[in-house]
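**Q** I'll drop the sequence and a predicted model, then ask my questions.
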Amino acid sequence: MLARARQGLLGLVLAFLAAPLVGLCMGGNWRAAVLTPGDLAAIATSLLGGAVALLVVALAGTPLALYLARTHTRLALAAEALVLAPMLMPTLALGILLATLYGPAAPLGRLFARLGIVLTNSPAAFLLATLYAALPVYVLAARAALAEVPQDYAQLARTLGDSPARAFFRVTLPLARRGLAAALALAWVRALGEFGIVLIIAYFPAGMPVRLWIDVQDLGLQAVFPLVAVFLAATLPLPLWISLWARVAR
Amino acid sequence: MRLDVDYTLRQPVPLQARFTVHGFTALLGRSGTGKTTLLKALAGLLPAQGTPWADLPPDARPIGYLPQNALLFPHLTMLENVAYPLRGADRLARARALLAELGLEHLAHRRAGELSGGQGQRVALARALARGARLLLLDEPSAALDAMTRDAMLDWLIATAAARALPVLAATHDTAVAARADWIVLLAAEGVIQQGPARALFEAPATAEAAILLGYENIFTQDGVSYAIRAADIELATADGQPATILRARETGTGLHLECAAPQPLVVHRQSGDLADFAPGTGVFLRFPAGRLKRLG
């Protein structure tokens, strides 16, 4: 009887989590569904901005993740806390803080403006917002993936003639590839789905989340389902497959 | 096949060791005395001062390093593992030739998880040889192997290294590995306490610590002089000899194991005899044959 109750509870929780997918299939008037020019622009902004952000996240975040995985000092602990902080902040609050730092009247904002880079309501601002959203997620997930690779392998590679960088690319990276792919997948989802920070500092050009918000207010719930479907198609299948692939490998 | 080593380390443990590597050399010491640390320092994986190569990074040292458990790269086939240190378009062909030379070509397309312990050690050796090393470092080569596999692997390894005139330094706490060596270096907490040809060391340990490392079960002091003798070398006499009392006796696969008080505690191994004759409390006489009782410094 206890086993049945447990199965029932598991079923209930899974049904609760799967319900939104049912809502996607049943809730929209698909016959009248169409993507507006604004929707298409938002899709392009999200995909392009997300892709550039992912590249920066991978290049900048991987060395930091490796440092955190391999270093066990107080400094490393403090660094990890700094990485965690943006993740733990409510995104609207983080957006407000970024606006005070990078806004047109702020010191950093004025400095970048002199260099021709505007960091509010611009493509650069969109990139900045997605970086603050995705980078901490990637670094922490990548740190876990890299920490699972025993350091002995890279050390042995050194004795076989490899420089530290060569040992990383030939040994550590391949052995951590599944976990790193899962980390990138998480960062991608986080980058595409970011709303709070983007709402404050990068309302224009609108990405998919802000566009959805605008469309819901202007056109109503039914009209946004095509964009929701595109959004889910961009954020679900590949990251889901990578996460399952990483899990199966263990 | 000779290399002089003089290394000083401060971390993780302070250690100063000066010794010679002759052919297949066993670095024999208890766990925790710094054998692995010394090997890692020679490989360049830990900071140290001295000669040789202490000022070179690990990738520039002409050494081959075999850690415990072979540590074959799991994402590569055995062929790719052996080819790892090689450069050039023909690296796989050269690795295949080396595997064939060592009789391991049938393992080329397997992965690490598909090999036995002995097979893994051999492929790891092939990888180290591919590096073109001038010194081979082995960390506990018998650790993951059963006795039969250990002996076969060691014989193969010694022959392979000798054929290449390649000196080998094997860190071990196993006297069976040391017994196969050309040269033994005994390492204790204070550093190297004795070194020399294997047979000479087994026959004449210099100190009590050396005797323990070389497997002597009995070390005692009599009239201010320290002695060592193996349990198998003590004989039971009929009347004359050192009187002793049996404390414990048990049968083993190879005979009888007797613990005696004479009055110092002594262990005796007898290949024959009846356990019933050695009940606790039984009085016996012990004889120490000339040449088998070693006087320690």
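**A** Right, received. Where do you want to start? Numbers count the residues shown, from 1 in each chain, chains lettered A, B, ... in the order given.
**Q** so what pLDDT did the closest residue to residue B:158 other than its chain neighbours get?
**A** Using Cβ to Cβ, 6 or more residues apart in numbering or on different chains and skipping the chain neighbours, the partner closest in space to residue B:158 is residue B:24 (4.9 Å). Placement of C-beta: from N, CA and C, glycine included. Looking at residue B:24, its pLDDT stands at 94.
**Q** for residue B:24, give me phi and psi.
**A** Backbone torsions for residue B:24, taken as degrees, to the nearest 10, come to phi -90, psi 110.
**Q** contacts only, for it.
**A** B:157-158, B:161-162, B:167-168, B:170, B:180-183 (Cβ atoms under 8 Å, 6 or more residues apart in numbering or on different chains).
**Q** against residue A:212, how distant is it?
**A** Distance of residue B:24 to residue A:212, computed by Cβ to Cβ, to the nearest Å: 72 Å.
**Q** now render the contacts of residue B:24 as a markdown table, adding distance to residue B:128.
**A** Formatted as a markdown table, the contacts of residue B:24 follow (distance: Cβ to Cβ, whole Å):
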| residue | distance to residue B:128 |
| --- | --- |
| B:157 | 10 |
| B:158 | 14 |
| B:161 | 10 |
| B:162 | 15 |
| B:167 | 13 |
| B:168 | 10 |
| B:170 | 12 |
| B:180 | 19 |
| B:181 | 18 |
| B:182 | 19 |
| B:183 | 20 |
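**Q** so how many other residues sit close to residue 100?
**A** All of this refers to chain A. 13 (other Cβ atoms under 10 Å in any protein chain shown).
**Q** the chain in question should be chain B.
**A** Around residue B:100 there are 12 other residues, counting by other Cβ under 10 Å.
**Q** for the chain, which spans come out with low pLDDT?
**A** This is for chain A. Within chain A, the stretches with pLDDT under 70 are A:27-33, A:249-250.
**Q** not quite, I wanted chain B
**A** Ranges of chain B meeting pLDDT under 70: B:1.
**Q** got the contact list for residue B:112?
**A** Per Cβ under 8 Å, 6+ apart, neighbours of residue B:112: B:70, B:72-74, B:78, B:81, B:120.
**Q** got a PyMOL select line for the buried ones in these?
**A** Selecting only the buried entries of these in PyMOL, with 16 or more other Cβ atoms under 10 Å in any protein chain shown as the criterion:
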select buried, chain B and resi 70+72+73+78+81+120
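**Q** chain A: which of the contacts of residue B:112 is nearest?
**A** Using Cβ to the nearest Cβ, residue B:73 comes nearest to chain A of the contacts of residue B:112, at 6.2 Å.
**Q** helix/strand/coil for the closest residue to chain A within the stretch 151-297 of chain B?
**A** Taking Cβ to the nearest Cβ, chain A has its nearest neighbour within the stretch 151-297 of chain B at residue B:169, 13.7 Å off. With DSSP: H, G, I helix; E, B strand; the rest coil as the basis, residue B:169 sits in strand.
**Q** got the contact list for it?
**A** Counted by Cβ under 8 Å, 6+ apart, residue B:169 has contacts B:5, B:21, B:25, B:27, B:39, B:42, B:135-138.
**Q** elements contacting the top strand by length along chain B?
**A** Longest strand in chain B by number of residues (criterion: DSSP state E): strand B:242-252. Strand B:242-252 sits against strand B:255-261, strand B:265-270, strand B:283-287, with contacts defined as 3 or more Cβ pairs under 8 Å, 6 or more residues apart in numbering or on different chains; DSSP states H and E.
**Q** tell me what angle it forms with strand B:255-261.
**A** 140 degrees (axes from the mean of the first three to the mean of the last three Cα atoms, to 10 degrees).
**Q** direction included, what does strand B:242-252 pair against?
**A** strand B:255-261 (antiparallel), strand B:283-287 (antiparallel) (DSSP bridges).
**Q** save these as a markdown table, and put in mean neighbour count too.
**A** A markdown table is the format used below for the strands paired with strand B:242-252 (neighbours: other Cβ atoms under 10 Å in any protein chain shown):
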| stretch | mean neighbour count |
| --- | --- |
| strand B:255-261 | 18 |
| strand B:283-287 | 16 |
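**Q** mind putting these into a markdown table with distance to residue A:79?
**A** Shown next, in a markdown table, are the strands paired with strand B:242-252 (distance: least, Cβ to Cβ, whole Å):
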| stretch | distance to residue A:79 |
| --- | --- |
| strand B:255-261 | 58 |
| strand B:283-287 | 67 |
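**Q** so which of those strands gets nearest residue B:269?
**A** Nearest to residue B:269 among the strands paired with strand B:242-252 is strand B:255-261 (6.1 Å), distances taken as Cβ to Cβ.
**Q** how far is that closest one from where the chain is centred?
**A** 27 Å (Cα atoms, centre = their mean, to the nearest Å).
**Q** same question for stretch A:212-231.
**A** Distance of stretch A:212-231 from its chain centroid, counting by Cα atoms, centre = their mean, is 22 Å.
**Q** buried stuff in it?
**A** Buried-residue list, stretch A:212-231, by 16+ other Cβ under 10 Å: A:212-215, A:223-231.
**Q** so residue A:197 belongs to a helix, correct?
**A** Yes. Counting by three-state DSSP, residue A:197 is part of a helix.
**Q** mind listing what it touches?
**A** A:91-92, A:94-95, A:98, A:129, A:132-133.
**Q** that one and residue A:93, how far apart?
**A** Distance of residue A:197 to residue A:93, given as Cβ to Cβ: 9 Å.
**Q** where do the helices sit along the stretch 1-150 of chain B?
**A** B:35-43, B:78-83, B:91-101, B:117-130, B:147-163 (DSSP state H, counting those that start in this stretch).
**Q** deepest in the core, which of those helices is it.
**A** Counting by mean count of other Cβ atoms under 10 Å in any protein chain shown, helix B:78-83 has the highest mean neighbour count of the helices of the stretch 1-150 of chain B, with a mean of 26.
**Q** skipping its backbone neighbours, what lies nearest residue B:50 in space?
**A** residue B:7 (4.0 Å).
**Q** who's that neighbour bridged to?
**A** residue B:17, residue B:50.
**Q** from the contact counts, what lies against the longest helix seen in chain A?
**A** Longest helix in chain A by number of residues (criterion: DSSP state H): helix A:37-70. Helices and strands touching helix A:37-70, as assessed by 3+ Cβ pairs under 8 Å, 6+ apart, comprise helix A:74-88, helix A:123-147, helix A:177-193, helix A:208-219, helix A:225-235.
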